[in-house]
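J.: Got a sequence here, can you build the structure:
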Amino acid sequence: MKSLIMKGARIIATGSAVPNSTINNSQMCQLVETSDEWIVTRTGIKERRILTGFNKSIIDLAVVASIKALDKISMHPSEIDLIILATSSPNDLFGSASQLQAKIKACNAVAFDLTAACSGFVLATVTASQFLQNGNYHNILVVGADVLSKWVNWSDRSTCILFGDAAGAVILQSCSKQDNKILGFQLNTDGNYYRHLSISYKEVINPHPILSLYQGYFESIYMNGKEVYKFAVSQVPLSILKCLNSLNLSINDIDWLLLHQANERILNAVADKLSIDSSKIIANLSKYGNTSAASIPLALDEAVQENKIAEDDIIVISGFGAGLTWGTLVIQWKYK
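T.: Purely as a prediction, here's the structure:
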């Protein structure tokens, strides 16, 4: 019988992993017609990591990120009750979370995938917090991992310069309601604009000769960069303000702004719209590019390792991207 008493939730550990292989902008110039200045000016990206080698997948990165998070708090994997893997690049279309569960030997954990592209980590963390706050689980591992290098058209300058591979993990734990550090969230979807950022399924022209069944394949990433920029800059600040207002918090209460690492111009434009000083932006985009669901937990883990985040700091986290889906999560940091 599960508890029906509402509890709190908090993040107690972080971890991350990136591939060893790096492609900097000079190397990118050998693949497509571009320049380091062109890329940096438009995106802020200087290099990105890609997962190379035969039979490598998000599981390789997700395992390392998860073990790092577990080791930081000396938690045995068997103590994990639930694993949520946020990814849009699984190595199995039926889902990859179960592979992660087996690899880290989290024998008592239920595991499932959550697909929401660049918003995936925010949605997965909100989902985890609900399981914790209603008393169903005690320890939850949330992993954001993507290897979009496998889905990029490397001759398409508009997308290949942007994406990198990585994984980031957090462990959330239930706590008393008074100690709750997942303060609030606000989520949105507008499917009318899904075509602006997608990996579309394309059917073959000729059907199966007997079944009249059209089969097909998934194409490479397509992005309408101009429309995605307009969407992010207009909608993300509104989401943040709505979430803050629901918590009776103001812009001045924010210690850190952690946005999905999509484009430096987006990060700065959102901060400017909210009158948030650039010194409060957590960013590592220049080193890794857009790592989709991994970008927020990767940047969070680096900030924690660098001792940027202090006890009780208020962190506003926003993810946005394909769907189009976007959302805001407000947390208060607590060191165990």
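J.: Wasn't Phe121 part of a helix?
T.: Yes: checked against DSSP: H, G, I helix; E, B strand; the rest coil, Phe121 lies within a helix.
J.: Next, count neighbours for it.
T.: 34 (other Cβ atoms under 10 Å). No exception for glycine: its C-beta is placed from N, CA and C like everyone else's.
J.: Tell me the spacing between it and Ser155.
T.: In this view, Phe121 and Ser155 are 29 Å apart by Cβ to Cβ, to the nearest Å.
J.: for Lys105, same thing?
T.: Counting by Cβ to Cβ, the gap from Lys105 to Ser155 is 41 Å.
J.: give me every residue that touches the residue nearest in space to the middle of the chain.
T.: Compute the mean C-alpha point of the chain, and by Cα atoms, centre = their mean the closest residue is Ala293, 2.4 Å away. Applying Cβ atoms under 8 Å, 6 or more residues apart in numbering to Ala293 gives the contacts 86-88, 116-121, 124, 144-146.
J.: now with 10 Å?
T.: By Cβ atoms under 10 Å, 6 or more residues apart in numbering, the contact set of Ala293 is 58, 85-89, 114-124, 143-146, 148, 166-168, 260, 319, 321.
J.: Filter those down to just the ones in helices.
T.: 58, 120-124 (DSSP state H).
J.: So of the residues you listed, which two are at opposite extremes in space?
T.: Taking Cβ to Cβ as the measure, the ones in helices among the contacts of Ala293 span a maximum distance of 18.1 Å, between Ile58 and Val122.
J.: Report the residue ranges of every domain in this protein.
T.: Structurally, the chain divides into domains by automatic domain parsing as follows: 8-179, 182-196+221-332.
J.: Can you say which of the ones you listed is nearest to Tyr214?
T.: Per Cβ to Cβ, nearest to Tyr214 of the domains of the chain: domain 8-179, 17.4 Å.
J.: average pLDDT across the closest one?
T.: Averaging pLDDT along domain 8-179 gives 96.
J.: Run through the strands of the stretch 1-150 of the chain in chain order.
T.: Remark: strands assigned in the stretch 1-150 of the chain by DSSP state E, counting those that start in this stretch are 8-17, 21-24, 47-50, 82-86, 110-114, 139-147.
J.: Using CSV, lay out these together with mean neighbour count and distance to Arg195.
T.: Putting the strands of the stretch 1-150 of the chain into CSV (neighbours: other Cβ atoms under 10 Å; distance: least, Cβ to Cβ, whole Å) gives the following:
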stretch, mean neighbour count, distance to Arg195
strand 8-17, 23, 32
strand 21-24, 15, 28
strand 47-50, 22, 25
strand 82-86, 28, 22
strand 110-114, 19, 22
strand 139-147, 31, 20
